[in-house]
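K.L.:
Sequence plus the predicted model coming up.
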Amino acid sequence: MINESLSVTDRYIVALSALLLGTSIVFAWSGETRTQVFFSVYLIEVLAFNQLSVMMSRRARACTARVERVLVVCFAILVLWEIVRIIGAM
C-alpha cells in the first residue's frame, strides 16, 4: 500500500497538503475572498496539525517547532493588524 512506501515525513506532507487543499475548496465553494480569513484559518490548521503529528522523528519535530514559532508570530501580526484596522475605523 501507499503507507508502506512513504516515510512519516512524507505522510505528514501529503496529509497537510490534503487538509489545506480541502480548506481551499471550502473557501472557493463558500465564496470567501478576505485574505485575512485565509491566512488565519491556514495558520490555525497548520499549528493544530503539527500538534497532532507526534509520530515524527526528533529532528523533524525540531524543524516543525521552528516553523510553528514563525507561524505563531505571523498569526499574532495578523491579529494585531486586524485590531489596529478596527480601532482605526472607530
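P.N.:
That came through fine. Remember, predicted model here, so these are calculated numbers, not experimental data. Numbering: from 1, shown residues only.
K.L.:
What average pLDDT does the helix or strand hosting Leu19 get?
P.N.:
According to DSSP states H and E, Leu19 maps onto helix 8-30. Mean pLDDT, computed over helix 8-30, is 90.
K.L.:
And for stretch 51-68?
P.N.:
For stretch 51-68, the mean pLDDT works out to 79.
K.L.:
and that stretch, how far out from the chain's middle?
P.N.:
Stretch 51-68 has its C-alpha centroid displaced from the chain centroid by 14 Å (Cα atoms, centre = their mean, to the nearest Å).
K.L.:
cool, stretch 18-28 as well?
P.N.:
Worked out by Cα atoms, centre = their mean, stretch 18-28 lies 12 Å from the chain centre.
K.L.:
Can you pull out the residues in contact with stretch 72-89?
P.N.:
Here stretch 72-89 makes contact (Cβ atoms under 8 Å, 6 or more residues apart in numbering) with Gln36, Phe39, Ser40, Leu43, Ile44, Leu47. Glycine gets a C-beta too; all of them are placed from N, C-alpha and C.
K.L.:
Same question for that stretch: list its buried residues.
P.N.:
Phe75, Leu78 (16 or more other Cβ atoms under 10 Å).
K.L.:
Over to stretch 43-55?
P.N.:
Buried residues in stretch 43-55 (16+ other Cβ under 10 Å): Leu43, Val46, Leu47, Asn50, Ser53.
K.L.:
Could you single out the nearest of these to Ala62?
P.N.:
Set against Ala62, the nearest of the buried residues of stretch 43-55 by Cβ to Cβ is Asn50 (11.9 Å).
K.L.:
Setting aside sequence neighbours, what's the nearest residue to the closest one?
P.N.:
Thr64 (5.0 Å; Cβ to Cβ, 6 or more residues apart in numbering).
K.L.:
which outside residues touch the helix holding Leu19?
P.N.:
3, 6, 37-38, 41-42, 45-46, 49, 53, 55-57, 60.
K.L.:
what's the helix or strand for Arg66?
P.N.:
Assigned by DSSP H and E, Arg66 belongs to helix 58-89.
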